[in-house]
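Novice: need a 3D model of the sequence below.
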Amino acid sequence: MHVVFLRVIIIGNVILFYLLDRVMLRWVGRFVIDALLPPLCLCCNDQVSEPGTLCPGCWSEVVFLAPPFCRVCGLPFEFDPGPESQCGECLRQPPRFGRARAVFRYDDASRALILRFKHGDRLEGVPAFARWMARAGAEVLAEADLLVPVPLHRWRLLARRYNQAALLAMALAGHGGAVAVPDLLIRSRRTPPQGHLNRSGRQANVAGAFQVAGRRRAALAGKRVVLIDDMMTSGATVEECAKVLLKAGAAKVDVLTLGRAIRIE
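Specialist: Residues are numbered from 1 along each chain as shown. Reported below is the predicted structural model:
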């Protein structure tokens with residue numbers, strides 16, 4: 001009996017020392033990396049304690065979206081008209097997608113956060129972005145079968161080297177039961193940048209620009225899709241994508257983005 005007890009103690013100590021050793025190695029490794037490449041705020045480049053985070057100043061300035069907002073497009077309301085309320089635009093012309101949700105408002109405080117991620121190779125924020133999106137889009141993700149990123153045209157993808165929407169979709173797949181399918185949608189026509197266009201100009205710009213990949217069409221039938229993108233401005237791009245997905249057999253299409261701009265006219 002004493003021998004068995006002694007063996008248990010020895011084995012327990014070995015396991016404890018093994019775990020402590022691994023923790024120590026991780027701590028030393030993190031210390032060395034931080035000394036050589038200190039983690040920087042995703043927005044302003046000030047030094048922070050953890051990689052892929054915001055400094056307190058930037059965090060306090062970013063406007064994270066929460067109710068009240070339009071139950072369809074997610075446009076924030078200044079006052080609470082009730083949980084089922086819709087904005088005037090959604091009442092006048094209901095969008096093809098079911099619901100759209102976003103993490104934060106795109107403004108002067110959050111612009112650098114999006115641009116550094118989209119064009120500046122700041123990919124260390126993807127895990128944090130996915131956590132934020134999982135919270136903001138909990139209601140749409142709970143019903144989702146597929147996570148489909150808004151695609152880039154192949155030449156733009158070659159120049160940028162990554163599709164930021166696809167990175168978000170793949171990271172989000174780890175926060176629920178939905179499956180990310182980065183190649184389900186194809187941008188078949190290269191569209192000019194549309195930052196200077198109004199809403200009608202954006203709609204014309206993306207009309208006919210997307211299609212479902214032929215080999216993925218069968219996997220789409222009857223599925224509930226959440227479109228993933230970094231930004232939603234006028235909604236023209238996600239509406240066009242939703243139209244294509246629904247026509248190809250999707251049962252429902254919702255939208256989840258990182259940033260949400262105030263609707264432009």
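
Novice: in what helix or strand does Ala166 lie?
Specialist: Using DSSP states H and E, Ala166 falls within helix 164-172.

Novice: which residues touch Gln47?
Specialist: 38-41, 55 (Cβ atoms under 8 Å, 6 or more residues apart in numbering). All C-beta spots, glycine's among them, are computed from the backbone N, C-alpha and C.

Novice: returning to that earlier point: what's the helix or strand following the helix holding Ala166 packed up against?
Specialist: Next helix or strand after helix 164-172 toward the C-terminus (DSSP H and E): strand 179-180. In terms of contacts (3 or more Cβ pairs under 8 Å, 6 or more residues apart in numbering; DSSP states H and E), strand 179-180 is packed against strand 146-149, helix 164-172.

Novice: give me the contacts around the first one.
Specialist: So the one you mean is strand 146-149. Taking Cβ under 8 Å, 6+ apart as the rule, strand 146-149 contacts 163, 165-166, 168-169, 172-173, 178-182, 184-185, 219-220, 223-229, 241, 245.

Novice: so where's the stretch 1-150 of the chain uncertain?
Specialist: For the stretch 1-150 of the chain, the stretches flagged by pLDDT under 70 are 1-37.

Novice: that one: helices as residue ranges?
Specialist: Counting by DSSP state H, counting those that start in this stretch, the stretch 1-150 of the chain has helices at residues 2-36, 56-61, 88-92, 111-119, 126-136, 138-141.

Novice: what about the stretch 151-265 of the chain, any weak spots by pLDDT?
Specialist: Those would be 192-199, 201-202, 204-205, 263-265, if you go by pLDDT under 70 across the stretch 151-265 of the chain.

Novice: now the helices for it?
Specialist: With DSSP H, counting those that start in this stretch as the criterion, the stretch 151-265 of the chain has helices at 154-160, 164-172, 199-206, 217-220, 236-247.

Novice: now mean neighbour count too, for those, in JSON lines please.
Specialist: Output for the helices of the stretch 151-265 of the chain, formatted as JSON lines (neighbours: other Cβ atoms under 10 Å):
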{"stretch": "helix 154-160", "mean neighbour count": "12"}
{"stretch": "helix 164-172", "mean neighbour count": "23"}
{"stretch": "helix 199-206", "mean neighbour count": "16"}
{"stretch": "helix 217-220", "mean neighbour count": "15"}
{"stretch": "helix 236-247", "mean neighbour count": "21"}
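
Novice: of those, which is nearest Ala102?
Specialist: helix 236-247 (10.9 Å; Cβ to Cβ).

Novice: show residues contacting the closest one.
Specialist: So helix 236-247 is in contact with 95-97, 100, 148, 150, 185, 194, 199, 202-203, 205-207, 209-212, 220, 225, 227, 229, 232, 253, 255, 257, going by Cβ under 8 Å, 6+ apart.

Novice: tell me what the helix holding Ala166 is packed against?
Specialist: For helix 164-172, the packing partners by 3+ Cβ pairs under 8 Å, 6+ apart come out as helix 126-136, strand 146-149, strand 179-180, strand 224-232.

Novice: roughly how far is the shortest one from the heart of the chain?
Specialist: Just to be clear, that refers to strand 179-180. Relative to its parent chain, strand 179-180 has a centroid offset of 13 Å by Cα atoms, centre = their mean, to the nearest Å.

Novice: same thing with the second one?
Specialist: Distance, stretch centre to chain centre, for strand 146-149: 10 Å (Cα atoms, centre = their mean).

Novice: how about Pro68, what does it touch?
Specialist: By Cβ under 8 Å, 6+ apart, the contact list for Pro68 reads 76-77, 79-81, 83, 85.

Novice: from those, pick the one nearest Glu139.
Specialist: The closest of the contacts of Pro68 to Glu139 turns out to be Pro83 (Cβ to Cβ; 11.3 Å).

Novice: contact partners for the closest residue to the closest one other than its chain neighbours?
Specialist: Nearest residue to Pro83 in three dimensions, chain neighbours excluded: Arg71, at 6.6 Å (Cβ to Cβ, 6 or more residues apart in numbering). For Arg71, the contact set (Cβ under 8 Å, 6+ apart) comprises 83-86, 99.
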